[in-house]
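In: Following is a predicted model, sequence given first.
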Amino acid sequence: MSVEFKPDPGNRRAIVQISKQSLEATWAVRKGLWYAGRDMVRDARDYIRKEKKSGKVYLLRKGPAGRQYRHQASAPGESPATFTGKLARGLKFQVGGTELEVGADKDVDYAPYLEQGTNNMVPRPYLSRTVEANSRNLEQYIERELKSALGGE
């Protein structure tokens with residue numbers, strides 16, 4: 001069995017592919033991918049929402065009353081700071097066959113620019129960090145489910 005991580009062409013999603021095996025093994029792999037996808041989405045949301053940011057501080061006005069508040073932006077290399085919450089809410093995962101896709105919905109059109117950066121902005125990686133951090137968990141989930149399905153130890 002081989003495992004392959006790769007970004008999609010638009011770099012909106014990370015794709016994990018696993019070569020097909022028997023029906024029982026395929027279902028076990030799918031279950032392991034589901035657990036890994038759940039963890040990846042949770043961790044990416046935590047990187048965005050909870051990780052301390054150290055970028056520039058902006059004073060912004062919001063709402064009809066124009067209430068002023070502070071917004072701490074992310075510094076280069078940090079996960080993006082949340083402003084509206086759209087990116088964190090838009091993170092999803094999908095298991096199709098023996099493939100796992102983790103990424104942002106299509107309506108979060110700025111997600112690839114945050115992940116990869118632009119000519120004027122250093123990347124704010126959240127998806128690649130999540131895949132890296134969970135690669136060992138992915139292997140463990142698949143191994144556990146395969147052992148369970150195929151009567152292993």
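Out: Structure's in. What do you need?
In: rest of the way, CA atoms for contacts and neighbours
Out: Will do.
In: Name the residues of the longest helix along the chain that are buried.
Out: For the chain, the helix with the greatest residue count under DSSP state H is helix 23-49. For helix 23-49, the neighbour count (16 or more other Cα atoms under 10 Å) marks 25-34, 36-37, 39-41, 43-45, 47-49 as buried.
In: What of stretch 129-136?
Out: For stretch 129-136, a neighbour-count test (16+ other Cα under 10 Å) marks 129, 130, 131, 134 as buried.
In: and what of stretch 92-111?
Out: Neighbour-count burial for stretch 92-111 flags 92-93, 95, 98-105, 108, 111 (criterion: 16+ other Cα under 10 Å).
In: and the two most separated of those?
Out: The span of these, defined through Cα to Cα, is set by 98 and 108 at 25.6 Å.
In: Dump the buried residues of stretch 129-136 to CSV, plus distance to residue 75, pLDDT and secondary structure.
Out: Shown next, in CSV, are those (distance: Cα to Cα, whole Å; pLDDT from 0 to 100; DSSP: H, G, I helix; E, B strand; the rest coil):
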residue, distance to residue 75, pLDDT, secondary structure
129, 15, 90, helix
130, 18, 92, helix
131, 21, 90, helix
134, 23, 92, helix
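In: Sweet, I'm off.
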